[in-house]
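*Asks:* predicted structure and sequence below. I'll ask about it afterward.
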Amino acid sequence: MRRSVSIAVLTVAVVIGVGTVDVGQKDLLASAQQKPETTEVKIDNFSFGPGTLAIPVGTTVTWTNRDDIPHTVVSTDGVFKSKVLDTDEKFAYTFSKVGTYPYFCSIHPKMTGKVIVQ
Amino acid sequence: MAAKSKDEILHDHNDDGIDRRGFLKCMAWAGTGALCVMSGGVLKSYSLSRLPGLSPKEAMGELSFVQISDSHMGFNKPANPDVAGTLKAAVDKINALPAAPEFMLHTGDISHLSKPEEFDTVDQILKSAKPKDVFYVPGEHDVLNDDGKQFLERYGKGSKDGGWYSFDKKGAHFIGLVNVMNLKAGGLGTLGHEQLEWLEDDVKHLKHSTPIVVFAHIPLWSVYPEWGWGTEDSAQALAYLKKFGSVTVLNGHIHQTMQKVEGNVTFHTAASTAFPQPQPGKADSPGPMKVPAEQLKSVLGITDVNFVQGQHALAVVDSTLA
């Protein structure tokens, strides 16, 4: 079970990372010495938890949909965009630049969250 | 020990809070739609679950049609593991009406995940309904991943680029609107400038006595904005309809029946054929209600809604067959 989950995360991360392969690889190299950071955001009851997340540069954030209803994770500024996540599906994105990244569920736009990269 | 309550779960083989009897009761609830009857230019809406008391004359009127909604084909969670079965149950009820309705409206969320096979299954089931014409508007679940391209290819013939359209039946003017596209962070359903302009133009030359029926997925009135149950720019749309003597607005999305009268405008939301959702603010989120036995009664049939927003009680009425 654990193995299949991490493969899923990896697959999503690879697919999503296609446009930013260079940056992603540099990050991986850089963070190889510093231990790569990963953080989770859970989607429960039509909300992102934690709603605001502060992370260091280079952290990979993984969102997991734990609702019975599909959700998406879409950057308000167009920086990242997940496919539709059905129950237990995941989306991962590696933040390689400092900044504030607001995002929302494009299906249920009342669901909003924010990632602060320091 | 007190006698067992009627709704207590007797056999729960899957430990999912639902036994066979409970599921069938859920189906009895879920296999619903609304029969809409236009009489004297005024539209009345009846739950398909309460039809046995309706006389053929009442069921006919000048024009009758059926609204079904939120089939969510592909949904398979405990709240309803058989959404195809409950949609078939709705079709059976439609086919048992004393007079066949002219046509059907489907107010969106036909599919759960916008998968082609989900749309195919719904199309197949609805083929067995007596009314042959079905008019659709998309729900947010029908336009996932492709900005509605697939929906428009399947159901958008004769509609504008954005999927909205109008048609006339027996003197009544029907308007199908799309309010599930380009949703903005933190916002509600949206009609958008282009659609509003089209609407203004579409109704400009109609006589004020023309009965108007508007249908869209997300409610065009503020049912509960905290859960996204409303449409940002619906006030503008309704302003264009102010001059008409009879306006009916039909929506889905909230998986429960509500009615509200405001001046010449009557708002109705239809039940889902798939699964119930909680009353506004009565749960942590608008997710599917998993029909535990003790809650089942509240989702069977139509529940009167006394929703109070701030100091203003909404005049939500429940149309009965009595």
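*Replies:* Cool, the structure landed.
*Asks:* which residues of chain B lie near chain A?
*Replies:* Chain B comes close to chain A at residues B:75, B:77, B:79, B:112-114, B:140-141, B:144-145, B:183-188, B:226-228, B:284-288, as judged by Cβ under 8 Å from any Cβ of the partner chain. (Glycine included, C-beta is placed from N, CA and C.)
*Asks:* ok, now with 7 Å
*Replies:* Proximity of chain B to chain A is confined to B:77, B:79, B:113, B:140, B:144-145, B:183-187, B:227-228, B:284-288 under the rule Cβ under 7 Å from any Cβ of the partner chain.
*Asks:* are any of those residues buried, and which?
*Replies:* Neighbour counting by 16 or more other Cβ atoms under 10 Å in any protein chain shown classes B:77, B:79, B:113, B:140, B:144, B:183, B:185, B:187, B:227-228, B:285-288 among the residues of chain B next to chain A as buried.
*Asks:* quick one, which of the residues you listed has the minimum pLDDT?
*Replies:* For these, the minimum pLDDT belongs to B:Ala79; the value there is 84.
*Asks:* how about the secondary structure of that one?
*Replies:* Under DSSP: H, G, I helix; E, B strand; the rest coil, B:Ala79 falls in the coil class.
*Asks:* ok now do it, which residues does it touch?
*Replies:* Remark: with contacts taken as Cβ atoms under 7 Å, 6 or more residues apart in numbering or on different chains, B:Ala79 is in contact with A:Asp68, B:Phe275, B:Pro288, B:Met289, B:Lys290, B:Val291.
*Asks:* try 6 Å this time
*Replies:* With contacts defined as Cβ atoms under 6 Å, 6 or more residues apart in numbering or on different chains, B:Ala79 is in contact with B:Phe275, B:Pro288, B:Lys290.
*Asks:* output the lowest mean pLDDT helix or strand found in chain A.
*Replies:* Least confident element among the helices and strands of chain A, by mean pLDDT, DSSP states H and E: helix A:2-17 (a mean of 45).
*Asks:* B:Val265 and B:Lys242, how far apart?
*Replies:* To B:Lys242, B:Val265 is 9 Å away according to Cβ to Cβ, to the nearest Å.
*Asks:* what about these two, which has more around it?
*Replies:* Between B:Val265 and B:Lys242, counted using other Cβ atoms under 10 Å in any protein chain shown, the more crowded position is B:Val265 (19 against 11).
*Asks:* run through the helices of chain A in chain order.
*Replies:* Counting by DSSP state H, chain A forms helices over residues A:2-17, A:21-34, given from the N-terminal end onward.
*Asks:* follow-up on the earlier one: can you flag which of the buried ones among the residues of chain B next to chain A belong to strands?
*Replies:* Secondary structure of those is defined by DSSP state E; no position falls in strands.
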